[in-house]
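>>> just need the structure, nothing else, for what follows:
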Amino acid sequence: MVQDYRDNPVLARALRYWRAKRGRREMPRRRDIDPTEIAPLLPHLQLIDVVEGGARYRYRLVGTSLVTAFGREYTGTYLDELLTAERLANAQRVYGAVVARRKPVFLRNRYNTTLDVEMIANRLYMPLSADGRTVNLILGALTFDWGRGAVAGMWSGASLDPSSASLEIIEDEDLAALPA
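Predicted structure coming up:
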């Protein structure tokens, strides 16, 4: 089971790509991201609009593996239209950390589904900026580790296990340690 973004082939590749596009800047621009350069990652990616400085978040693009996991297409949907209660608060906290810190964030959570199947979500959220200072988009890369008996769409009804949460702000020294 993957324990870290460095061990996850999707997340590690996404972070290396983000780092390369960032160059010497604090974060890359949306126009720096070329989908043809990361085609194998596209099913695992999200683009999330930061609305009104983080008052709301809207899913601009959602990859096919995420649609399958969630059980529905949610491109164009606001976060607060998609999630409720503790899952909404958790997601707002994570996205807010990306906006405030202007650094990538790795998050790992365990969920229990309505069919009593355990699911681990591994998520990497990376800031993008049009002006080089303000985060206006978040590039997300997500993978899932499913327990036995998993079926498509199980994530939508899953309950968060708060004791399993781990959130890591990825600092510049962590980025420098990534292999090329």
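>>> could you point out the helix or strand that follows the lowest-mean-pLDDT helix or strand in the chain?
Using mean pLDDT, DSSP states H and E, the weakest-scoring helix or strand in the chain turns out to be strand 159-169, at a mean of 62. Using DSSP states H and E, the helix or strand that follows strand 159-169 towards the C-terminus is helix 172-177.
>>> any idea how far that following helix is from the middle of the chain?
Centroid separation for helix 172-177 versus its chain: 19 Å, with Cα atoms, centre = their mean, to the nearest Å.
>>> got the CA positions of it in CSV?
Taking C-alpha atoms only, helix 172-177 is exported to CSV below (Å, rounded to 0.1, in the frame of the first residue of the first chain):
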residue,chain,number,x,y,z
ASP,A,172,11.0,23.5,-1.1
GLU,A,173,13.6,21.1,0.4
ASP,A,174,11.1,18.2,-0.2
LEU,A,175,10.7,19.3,-3.8
ALA,A,176,14.5,19.5,-4.3
ALA,A,177,14.8,15.9,-2.9
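>>> where does the residue nearest the centre of the chain land on pLDDT?
Nearest to the mean C-alpha position of the chain, by Cα atoms, centre = their mean, lies Gly140 at 3.2 Å. We have a pLDDT of 97 for Gly140.
>>> what about Met119, neighbour count?
Per other Cβ atoms under 10 Å, the neighbour tally for Met119 reads 19. Heads up, the C-betas are built off the backbone N, CA and C, glycines and all.
>>> isn't it up against Thr143?
No: between Met119 and Thr143 there is no contact, the gap being 11.0 Å when judged by Cβ atoms under 8 Å.
>>> what ranges does this protein have for its helices?
Ranges of helices within the chain are 9-22, 64-70, 79-82, 85-101, 172-177, based on DSSP state H.
>>> could you tell me the least trusted of these?
helix 172-177 (a mean of 74).
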